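Asks: need a 3D model of the sequence below.
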Amino acid sequence: MWGIIATWCMAHAGVKKAVKILKNDGKAGEAIETAIKNVEDFPFYKSVGYGGLPNEEMEVELDAAYMDGSNFDFGAVCAIKDFANPISVARDLSHLNENSMLVSEGAEKYAHKRGFERKNMLTERAKIHYRNRLKDMAHIKEIEIKPYSGHDTVGMVCLDKEENIVAGTSTSGLFMKKKGRVGDSPVIGSGLYADSEIGGASATGLGEDIMKGIISYEIVKLMESGLSPQKACEKAVFTFEKKLIRKRGKAGDISVIAMNNKGEWGVATNIENFSFVAGNEKTPVKVYRTKRKGDEMVHEEATEEWLQEYINERTKPLIEK
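Replies: Below is the predicted model of the structure:
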């Protein structure tokens, strides 16, 4: 059995490339890196990689992480600038026993020494988004900085035919974040976790809240206790949401995906309009939309009309205010 699941419709094209690798007996690591790089390279996805939205100083700072569930190899980069594919740097770091999580200048020096592609990741389109936000802020006293400003982290879990499970993430983080801010995406146990004996999980949303619940690790532990990926995702998200509300009065946006070592998958979210991509050896890769009903989720396949509208919305020309 092989399988793959990813956050957001934006992962669709990359996941299809990964599937070709998995079908031809390729490894989960290669497949997930290929899929995430595809998202990082597409300039119209404004929350990942090239074209990602900048921090408050108009700098694109990227976070990414990679975890191999067969040996617990883990690598991550935080607030790295001017490198094309942070997921590849994170995967390279995962082979180190020490120094496998690097930040900012240290991550950039490592990537340069290892020969990774340098690239100015700030696009003209992202600059327009930035300037428009500044103009909005001049008229509105307080604009809430929040995730899902046109998506957030791309997170994936992948299972190959040799029963290896790998998880990966990549993001430009919150639009207009403080310089040096790091969310859950590159943090082991929060943004991602993988154990090939059980399964893997990844999260997207408000990193500051997701980290409080170490939610990806929690999902894997719930699967280990016997829950299906779907029930594990639902229990993790909605139990933690209730706790956040009880302790803090509110809960930030939390969306999660998971896959077990049988290729079965699950998804849960506390927001509307969350989409994901999933498929395995038995079920073709499809884009799904999911809705919350109480503490359960109902998934439905996205229509062709919705998919076309999605692409049109992401690629339409921007007008500067």
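
Asks: where exactly do the strands run in the stretch 51-200 of the chain?
Replies: If you assign secondary structure with DSSP state E, counting those that start in this stretch, the strands in the stretch 51-200 of the chain sit at 62-68, 74-80, 101-103, 154-159, 165-171, 192-195, 199-205.

Asks: got the ones you listed as TSV, with mean pLDDT and distance to residue 312 columns?
Replies: Bear in mind the C-beta positions are built from the backbone N, C-alpha and C, glycine included. TSV is the format used below for those (pLDDT from 0 to 100; distance: least, C-beta to C-beta, whole Å):
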stretch	mean pLDDT	distance to residue 312
strand 62-68	98	26
strand 74-80	98	31
strand 101-103	98	37
strand 154-159	98	20
strand 165-171	98	24
strand 192-195	99	31
strand 199-205	98	23
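
Asks: so which of those gets nearest residue 6?
Replies: Put simply, out of the strands of the stretch 51-200 of the chain the one that sits nearest residue 6 is strand 154-159, at 4.3 Å, with distance taken as C-beta to C-beta.

Asks: looking at this structure, which helix or strand is least sure?
Replies: Of all the helices and strands that make up the chain, the one with the lowest confidence by mean pLDDT, DSSP states H and E is helix 124-139; it has a mean of 90.

Asks: count of residues packed around the nearest residue to residue 95 once chain neighbours are set aside?
Replies: Excluding the flanking residues, the one nearest residue 95 by C-beta to C-beta, 6 or more residues apart in numbering is residue 73, at 6.4 Å. Counted with other C-beta atoms under 10 Å, the burial measure for residue 73 works out to 19 neighbours.

Asks: show me what contacts residue 73?
Replies: Taking C-beta atoms under 8 Å, 6 or more residues apart in numbering, we find residue 73 in contact with 66-67, 94-95, 100.

Asks: one more time with 10 Å, if that's ok
Replies: By C-beta atoms under 10 Å, 6 or more residues apart in numbering, residue 73 lies in contact with 29, 66-67, 91, 93-97, 100, 166, 194.

Asks: please spell out the PyMOL selection for the buried subset of those.
Replies: A single PyMOL command selects the buried members of the contacts of residue 73 (16 or more other C-beta atoms under 10 Å):
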select buried, resi 29+66+67+91+93+94+100+166+194
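
Asks: okay if I get the contacts of residue 73 as JSON lines plus distance to residue 17?
Replies: Converted to JSON lines, the contacts of residue 73 look like this (distance: C-beta to C-beta, whole Å):
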{"residue": "29", "distance to residue 17": "14"}
{"residue": "66", "distance to residue 17": "17"}
{"residue": "67", "distance to residue 17": "20"}
{"residue": "91", "distance to residue 17": "16"}
{"residue": "93", "distance to residue 17": "23"}
{"residue": "94", "distance to residue 17": "21"}
{"residue": "95", "distance to residue 17": "23"}
{"residue": "96", "distance to residue 17": "27"}
{"residue": "97", "distance to residue 17": "31"}
{"residue": "100", "distance to residue 17": "26"}
{"residue": "166", "distance to residue 17": "15"}
{"residue": "194", "distance to residue 17": "20"}
